[in-house]
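Engineer: Next comes the sequence, and after it the predicted model I'd like to discuss.
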Amino acid sequence: QVQLVESGGGLVQPGGSLRLSCAASGFTLDSYGIGWFRQAPGKEREGVSCISSYDGSTVYADTVKGRFTISRDNAKNTVYLQMNSLKPEDTAVYYCAADSLRDFCSFYVYEYDDWGQGTQVTVSS
């Protein structure tokens, strides 16, 4: 059974950092494309970053480029999202998701089969 569990969210001041983790069980994570998405109240879920299964290439939304870094630890079967220089507009529930079919990742929500439960990130002074 495929399961994804996010952790690492919390309350942080503007300019601060957090590292989110997405721990996978029931499958080998490096065979899947993994995406990080977020959803703020009243807004649609949006893609933040993803890492492809084929070659480990990464994609970032323009709003987080240069501040966020996605990485994968195959030994721990975990994907991380390092978030630096956080802004109040980064406040949202963050989800990780797995795509079992495609070689290269995207921000299309419908391409992801399995989702974690989400972790809250709040950036506020």
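Structural biologist: Sure thing, it's come through.
Engineer: ok, now which ones touch residue 48?
Structural biologist: The neighbours of residue 48, taking C-beta atoms under 8 Å, 6 or more residues apart in numbering as the test, are 35, 36, 37, 38, 60, 61, 64, 68, 81, 94. Backbone N, C-alpha and C define where each C-beta goes, glycine included.
Engineer: ok, now residue 12?
Structural biologist: The neighbours of residue 12, taking C-beta under 8 Å, 6+ apart as the test, are 18, 86, 121, 122, 123.
Engineer: Pull up the gap between it and residue 18, please.
Structural biologist: 6 Å (C-beta to C-beta, to the nearest Å).
Engineer: Need the overlap of contacts for those two.
Structural biologist: Residues touching both residue 12 and residue 18 (C-beta under 8 Å, 6+ apart) are 86, 121.
Engineer: okay, how far is it across stretch 40-48, tip to tip?
Structural biologist: 12 Å (C-alpha to C-alpha, to the nearest Å).
Engineer: Please compute how far that stretch lies from its chain's middle.
Structural biologist: Chain-centre distance of stretch 40-48: 13 Å, with C-alpha atoms, centre = their mean, to the nearest Å.
Engineer: how about the nearest residue to residue 90, chain neighbours excluded?
Structural biologist: Nearest in space to residue 90, with sequence neighbours left out and distances taken as C-beta to C-beta, 6 or more residues apart in numbering, is residue 123 at 5.1 Å.
Engineer: center of the chain, which residue is that?
Structural biologist: Nearest residue to the geometric centre of the chain (C-alpha atoms, centre = their mean): residue 36, 2.2 Å.
Engineer: and that residue, backbone torsions?
Structural biologist: phi -110, psi 130 (degrees, to the nearest 10).
Engineer: close enough to count as contact, it and residue 82?
Structural biologist: No: the pair residue 36 / residue 82 is not scored as a contact, 10.8 Å apart, by C-beta atoms under 8 Å.
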